[in-house]
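*Asks:* how does the following fold in three dimensions:
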Amino acid sequence: MGLPTDILITYGYLLIFGWVLLEQVGLPLPATPILLAAGALSVTEHMHFGLAFAAALAACLVADISWFFLGKRYGHHLLRLLCRFSLESSTCVRRTHESFGRRGAWTLLFAKFVPGLSIVAPPVAGQTGMRFRRFLLFDAIGASLWSGSLLLGGRFFGDLLMRDPSLLNRIGHVAGALLLLGILLFLGSRIWRRQSLLRKLRTARLEPTALKAMLDGGQSVYIVDLRHPLELVTDPFTLPGAQRLSPEQVATRIAEIPHDRDVVLFCTCPSEATAAKTAMSLHRLGIDRVRPLRGGYDAWKDLGYPVEAVELAPTQLAVL
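*Replies:* Numbering: from 1, shown residues only. This next block holds a predicted model:
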């Protein structure tokens with residue numbers, strides 16, 4: 001037999017639990033083929049649908065609860081690390097914060113269906129102070145929808161297996177090769193995009209020490225804080241005189257951004273990815289004196305440079 005059906009039949013529910021758990025902790029091992037195959041095999045005597053569902057759900061909850069408490073303890077430092085490994089540093093944290101900002105805990109209902117959001121959503125929920133019981137309820141529902149839909153999808157095609165038992169075996173040989181090819185293409189495309197962005201950054205970034213010297217020298221610098229409002233919940237401070245705008249607002253409020261002085265953008269993304277993308281967008285709109293701050297807010301704060309308190313709006317926590 002071919003992958004994944006041969007190994008699945010041999011190791012059964014332990015394989016489902018382990019494979020789903022590895023995917024949910026962030027490894028690039030898609031569990032979709034395993035769950036589809038398990039759903040198809042549930043039509044036969046090789047797999048029990050309810051036990052397969054329980055194994056997948058348990059794996060999701062073990063991973064998500066762990067990420068929730070890690071996010072609660074380590075906050076955006078953990079998110080930065082996660083984004084580095086996910087190779088989606090430019091968008092993964094911001095997209096998740098934006099989704100929680102609009103929908104709150106309801107984000108957890110569909111998070112597992114969205115690449116990138118699946119891994120980052122539980123630690124963001126912990127970081128932003130969501131109550132554990134509320135998190136557990138919505139996360140369990142979301143995990144049930146995700147694992148259940150894949151198992152049901154596989155079961156739908158299980159009738160084909162009953163008519164021709166060798167069919168799933170033949171598909172398994174092809175599925176193994178396609179799975180490996182898909183993983184390689186996914187990783188290759190993310191690495192290429194990240195390296196391309198980093199090359200553009202090397203000549204544009206401004207050191208925190210240089211910005212501090214500019215401010216101390218009385219230079220007029222327009223500083224933009226690109227962080228999402230939910231990132232300020234656990235650390236409500238910003239750089240002196242910084243304007244708080246989202247990347248989308250920067251583009252729509254281009255008339256407010258000066259053309260005759262330096263514009264410095266900062267975020268908390270690995271390699272200043274959000275700031276770099278926004279800087280490149282402003283370049284295309286005719287603003288040339290714009291640079292991302294190397295290391296962002298964290299680098300500025302770690303050097304002991306002055307920060308200003310930010311007053312949080314009550315609506316920032318209302319969705320939680």
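
*Asks:* so what's the residue count around residue 133?
*Replies:* Number of residues near residue 133 (other C-beta atoms under 10 Å) recorded here: 8. (Each C-beta comes from the backbone N, C-alpha and C, glycine too.)

*Asks:* how close does it get to residue 115?
*Replies:* Counting by C-beta to C-beta, to the nearest Å, the gap from residue 133 to residue 115 is 28 Å.

*Asks:* show me where the protein has its strands.
*Replies:* Applying DSSP state E to the chain gives strands spanning 221-225, 237-238, 243-244, 262-266, 290-292, 308-309.

*Asks:* of those, which shows the lowest average pLDDT?
*Replies:* Among the strands of the chain, strand 290-292 carries the lowest mean pLDDT, a mean of 88.

*Asks:* what sits up against that strand?
*Replies:* 201, 204-206, 262-267, 272, 275-276, 278-279, 282-283 (C-beta atoms under 8 Å, 6 or more residues apart in numbering).

*Asks:* okay, now the sheet partners of that strand, with direction.
*Replies:* Next to strand 290-292 in the sheet, as set by DSSP bridges, lie strand 262-266 (parallel).

*Asks:* ok and the strand it pairs with relative to strand 221-225, angle-wise?
*Replies:* 20 degrees (axes from the mean of the first three to the mean of the last three C-alpha atoms, to 10 degrees).

*Asks:* how about the CA coordinates for strand 262-266, as PDB?
*Replies:* Backbone C-alpha positions of strand 262-266 (Å, rounded to 0.1, in the frame of the first residue of the first chain) are rendered in PDB as follows:
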ATOM      1  CA  ASP A 262      12.400  61.800   7.100                       C
ATOM      2  CA  VAL A 263       9.600  59.300   7.700                       C
ATOM      3  CA  VAL A 264      10.500  56.400  10.000                       C
ATOM      4  CA  LEU A 265       8.200  53.400  10.200                       C
ATOM      5  CA  PHE A 266       8.300  50.800  12.900                       C
END
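
*Asks:* list of residues touching that strand?
*Replies:* Residues from elsewhere that reach strand 262-266 (C-beta under 8 Å, 6+ apart): 206, 211, 214, 219, 221-227, 239, 242, 250, 257, 272, 275, 278-279, 282, 287, 289-293, 296-297, 300.

*Asks:* how about the helices in the protein?
*Replies:* 5-24, 32-41, 49-74, 76-86, 92-103, 117-127, 132-156, 158-163, 165-202, 208-216, 247-252, 273-284, 296-302, 315-318 (DSSP state H).

*Asks:* I'd say residue 187 and residue 28 touch.
*Replies:* Yes. At 6.3 Å, residue 187 counts as touching residue 28 under the criterion of C-beta atoms under 8 Å.

*Asks:* can you pull the contacts of the closest residue to residue 266 other than its chain neighbours?
*Replies:* Computed as C-beta to C-beta, 6 or more residues apart in numbering, the closest residue to residue 266 that is not its neighbour in sequence is residue 293, at 4.0 Å. Contacts for residue 293 (C-beta under 8 Å, 6+ apart) come out as 205-206, 208, 211, 264-266, 272, 275, 299-300.

*Asks:* specify the beta-bridge partners of residue 293.
*Replies:* Under the criterion used here (DSSP bridges), residue 293 is bridged to residue 206.

*Asks:* how far away is it from residue 303?
*Replies:* Residue 293 is 11 Å from residue 303, by C-beta to C-beta.

*Asks:* quick check: neighbours shared by those two?
*Replies:* Residues touching both residue 293 and residue 303 (C-beta under 8 Å, 6+ apart) are residue 208.

*Asks:* circling back to that earlier point, dump the strands of the chain into CSV; add mean neighbour count as well.
*Replies:* Converted to CSV, the strands of the chain look like this (neighbours: other C-beta atoms under 10 Å):
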stretch, mean neighbour count
strand 221-225, 21
strand 237-238, 18
strand 243-244, 16
strand 262-266, 23
strand 290-292, 24
strand 308-309, 10
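
*Asks:* quick one: closest of those to residue 77.
*Replies:* Across those, residue 77 has its closest neighbour in strand 237-238 (15.5 Å, C-beta to C-beta).

*Asks:* give me the helices and strands touching the closest one, please.
*Replies:* Secondary-structure packing of strand 237-238 (3 or more C-beta pairs under 8 Å, 6 or more residues apart in numbering; DSSP states H and E): strand 308-309.

*Asks:* so what secondary structure elements neighbour the strand it packs on?
*Replies:* Using 3+ C-beta pairs under 8 Å, 6+ apart as the test, strand 308-309 ends up in contact with strand 237-238.

*Asks:* give me the contact list for the strand it packs on.
*Replies:* Strand 237-238 has contacts (C-beta under 8 Å, 6+ apart) with 225, 227, 232, 244, 297, 301, 307-310.

*Asks:* at 10 Å what do you get?
*Replies:* 223, 225, 227, 232, 244, 266, 297, 300-301, 306-310 (C-beta atoms under 10 Å, 6 or more residues apart in numbering).

*Asks:* ok, so of these, who is nearest residue 149?
*Replies:* residue 227 (34.3 Å).
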